[in-house]
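J.: no FASTA, just this:
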């Protein structure tokens with residue numbers, strides 16, 4: 001369940017006029033419903049993942065104080081009581097959300113001027129589970145800018161209105177809410193991988209299988225070549241190819257073993273700034289990170 005636990009920002013605290021902007025006593029601006037829109041955007045993006053059986057949005061507004069820059073997080077007892085009452089496994093609370101709005105008007109010359117609107121949102125999210133004393137805290141900030149160019153030849157001068165600013169605030173919180181989804185739902189980044197080839201017929205055959213993404217057959221060709229390789233460079237390349245095969249299979253520990261063999265051979269036989277050596281070291285680091293992430297993901301998914 002996603003819970004709005006943020007105090008609403010007072011209306012008179014949003015505008016922070018910039019250079020050339022005059023204070024307008026009739027200008028009215030409110031952050032009303034922005035926290036709800038943020039929570040709604042976050043919830044909608046999380047429902048698209050199959051990780052959760054259900055994602056709910058708490059309709060209650062929990063805080064009535066005006067100290068909007070201070071978070072008042074749930075205690076472990078609050079978390080248990082809340083989860084029991086609403087029959088949910090965990091909470092994501094929005095403990096803080098506030099805005100800064102800057103208006104800047106500048107004249108280039110007597111015929112031309114421009115206006116700039118900058119909206120900045122700052123907030124804090126927490127992930128809470130019953131039985132855990134600590135929370136995963138994620139502070140965030142984001143911004144949106146709109147600009148207008150005005151020329152005095154136009155009869156009507158375009159200026160930002162309170163409706164423009166609130167529209168910018170809405171766009172910003174919905175975008176920020178969707179973006180926070182990545183902290184709670186597993187996601188995958190694409191990456192580039194390579195394999196080494198050679199002029200020998202068996203190695204060429206393995207490369208053809210790899211190009212066709214027939215990795216089992218490719219490994220069946222690479223493995224005997226690796227076992228009987230005498231030259232350190234060929235053995236390092238074939239070890240890297242085998243690491244790739246096991247990475248694609250999802251056996252990261254085996255992939256790391258082969259990547260370490262390749263890395264050791266290159267470390268022993270090449271200069272410090274050797275391109276092949278640096279590339280292989282980068283691959284080993286990427287594999288190690290993948291193994292750590294895979295273990296964390298398995299724990300999160302209780303596999």
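T.: On my side now, so go ahead. Please read these numbers as outputs of a predicted model, since none were measured by experiment.

J.: what residues are up against residue 174?
T.: 37-38, 41 (Cβ atoms under 8 Å, 6 or more residues apart in numbering). From N, CA and C alone the C-beta is placed, and that goes for glycine too.

J.: and residue 71, what is it in contact with?
T.: 5-6, 95-96, 124.

J.: please redo it, this time with the cut-off set to 6 Å
T.: Residues near residue 71 by Cβ atoms under 6 Å, 6 or more residues apart in numbering: 95-96, 124.

J.: that older thread, which one of the contacts of residue 174 is nearest to residue 146?
T.: Distance to residue 146 across the contacts of residue 174 (Cβ to Cβ) is lowest for residue 37, with 18.4 Å.

J.: quick one: the top strand by length along the chain to chain centroid distance?
T.: What stands out as the longest strand in the chain, according to DSSP state E, is strand 91-109. Remark: strand 91-109 is offset 21 Å from the chain centroid, using Cα atoms, centre = their mean, to the nearest Å.

J.: show me where the chain has strands.
T.: Counting by DSSP E, the strands of the chain are 2-4, 91-109, 112-128, 136-151.

J.: what inclination does the longest strand of the chain have with respect to strand 136-151?
T.: Interaxial angle, strand 91-109 versus strand 136-151 (axes from the mean of the first three to the mean of the last three Cα atoms, to 10 degrees): 20 degrees.

J.: what inclination does strand 91-109 have with respect to strand 112-128?
T.: Going by the same axes, to 10 degrees, strand 91-109 makes 170 degrees with strand 112-128.

J.: which one of the contacts of residue 174 sits in the busiest neighbourhood?
T.: Within the contacts of residue 174, residue 38 tops the neighbour count with 27 neighbours, counted by other Cβ atoms under 10 Å.

J.: I figured that residue hits residue 175, correct?
T.: No. Using Cβ atoms under 6 Å as the test, residue 38 is too far from residue 175 to be in contact (9.7 Å).

J.: JSON lines for the contacts of residue 71, including pLDDT and distance to residue 202?
T.: Output for these, formatted as JSON lines (pLDDT from 0 to 100; distance: Cβ to Cβ, whole Å):
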{"residue": "95", "pLDDT": "95", "distance to residue 202": "61"}
{"residue": "96", "pLDDT": "95", "distance to residue 202": "62"}
{"residue": "124", "pLDDT": "96", "distance to residue 202": "58"}
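
J.: could you dump these to JSON lines with distance to residue 77 and neighbour count?
T.: Formatted as JSON lines, these follow (distance: Cβ to Cβ, whole Å; neighbours: other Cβ atoms under 10 Å):
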{"residue": "95", "distance to residue 77": "17", "neighbour count": "23"}
{"residue": "96", "distance to residue 77": "21", "neighbour count": "23"}
{"residue": "124", "distance to residue 77": "21", "neighbour count": "18"}
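
J.: make JSON lines out of those residues and add distance to residue 130.
T.: Formatted as JSON lines, these follow (distance: Cβ to Cβ, whole Å):
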{"residue": "95", "distance to residue 130": "18"}
{"residue": "96", "distance to residue 130": "23"}
{"residue": "124", "distance to residue 130": "21"}
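
J.: now for the longest strand of the chain, which elements pack on it?
T.: strand 2-4, helix 34-47, strand 112-128 (3 or more Cβ pairs under 6 Å, 6 or more residues apart in numbering; DSSP states H and E).
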